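Provided below for reference: sequence and predicted model.
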Amino acid sequence: MTTPSTTPRTVLVTGGNRGIGYAIAEEMIAQGHRVAVTARSGSGPEGSFSVVADVSDAASIDAAFTAIEAELGPVEVVVANAGITKDMLLMRMSEEDFTDVIDVNLTGAFRVVKRASKAFLKQRFGRVIFISSVVGLYGGAGQVNYSSSKAALVGFARSVTRELGARGVTANVVAPGFIETDMTAELPEEQQAEYRKAIPAGRYGQASEVAKAVSWLASDDAGYISGAVIPVDGGLGMGH
């Protein structure tokens with residue numbers, strides 16, 4: 001009989017009601033974890049515990065954690081996935097377009113990880129996995145707000161690693177490239193073809209491929225990996 005390489009954990013996936021977040025929640029459930037999902041609307045996959053929460057509101061996050069702790073126990077793995085885009089060329093981007101994206105994608109991750117860290121320190125175990133993007137390091141025209149928010153997650157993960165690494169806490173970043181989701185499906189076909197040309201793998205990724213990388217980082221096997229950026233981008237961002 002083989003022993004599983006992953007201890008069942010209580011996992012929280014923010015923005016787990018669709019796309020990559022939904023796929024991550026599905027994969028975590030398949031791996032035998034207790035999975036909670038937060039979203040502003042909708043719910044996570046079957047088998048998950050869904051809580052309505054908004055990462056831009058600290059009180060909402062606190063209430064969500066309290067509900068999750070009562071239902072599933074203290075959170076051991078946080079997947080900070082919730083994010084928004086407000087793409088616009090720099091000259092036309094309003095300050096609100098910039099600060100709104102930073103508030104959800106970066107400060108939202110801060111609110112979630114700060115609330116989770118209480119339990120991490122008490123149990124001397126924690127996994128933080130930030131969902132960034134290839135454009136966080138590669139850049140993207142019209143995405144000064146989004147790419148800034150996603151690049152900042154790298155510094156966040158590395159600072160958490162230095163601060164909490166000796167307490168059994170790891171913090172890593174997964175940087176997906178172009179992934180087949182509802183959002184990419186809406187792009188015009190010629191634009192999709194153009195993007196595909198730039199990807200060495202010659203295809204878009206699947207949300208499940210991002211989910212596999214996340215589940216590995218949450219596993220016992222990845223206990224000595226922290227402060228890393230794992231690209232899941234078919235080679236698009238090499239060296240960035």
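Noted; the coordinates are in hand. Numbering: from 1, shown residues only.

give me the neighbour count for Phe65.
Using other Cβ atoms under 10 Å, Phe65 has 23 other residues around it. Just so you know, the C-beta spots here come from the backbone N, C-alpha and C atoms, and that holds for glycine as well.

now do the buried residues in the lowest-mean-pLDDT helix or strand in the chain.
Every helix and strand in the chain was compared by mean pLDDT, DSSP states H and E; the lowest is helix 182-185, with a mean of 76. Buried residues in helix 182-185, counted by 16 or more other Cβ atoms under 10 Å: none are found.

point out where this structure drops to low pLDDT.
Per-residue confidence for the chain (pLDDT under 70) gives these ranges: 1-5.

now do the strands in it.
Here the chain has its strands, by DSSP state E, at 10-14, 34-39, 49-52, 77-80, 126-131, 169-176, 229-232.

distance to Gly202 added to these, as a markdown table?
Below are these laid out as a markdown table (distance: least, Cβ to Cβ, whole Å):
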| stretch | distance to Gly202 |
| --- | --- |
| strand 10-14 | 29 |
| strand 34-39 | 32 |
| strand 49-52 | 36 |
| strand 77-80 | 28 |
| strand 126-131 | 24 |
| strand 169-176 | 17 |
| strand 229-232 | 15 |
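
make TSV out of the ones you listed and add mean neighbour count and distance to Gln192.
Shown next, in TSV, are those (neighbours: other Cβ atoms under 10 Å; distance: least, Cβ to Cβ, whole Å):
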stretch	mean neighbour count	distance to Gln192
strand 10-14	28	27
strand 34-39	26	27
strand 49-52	18	31
strand 77-80	28	27
strand 126-131	26	22
strand 169-176	25	16
strand 229-232	20	18
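
which among those strands is found nearest to Gly142?
Closest approach to Gly142 among the strands of the chain (Cβ to Cβ): strand 169-176, 18.4 Å.

could you export the closest one as CSV, CA atoms only?
Only the C-alpha atoms of strand 169-176 are listed here, as CSV (Å, rounded to 0.1, in the frame of the first residue of the first chain):
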residue,chain,number,x,y,z
VAL,A,169,5.4,28.7,6.4
THR,A,170,6.2,28.8,2.6
ALA,A,171,5.1,31.4,0.1
ASN,A,172,5.4,30.9,-3.6
VAL,A,173,4.1,32.4,-6.8
VAL,A,174,2.6,30.7,-9.8
ALA,A,175,2.7,32.8,-12.9
PRO,A,176,0.3,31.5,-15.6
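
centre of the chain to that strand, how far?
Averaging C-alpha positions (Cα atoms, centre = their mean, to the nearest Å) puts strand 169-176 8 Å from its chain's average.

can you tell me the strand partners of it and which way each runs?
Paired strands of strand 169-176, with direction, are strand 126-131 (parallel), strand 229-232 (parallel) (DSSP bridges).
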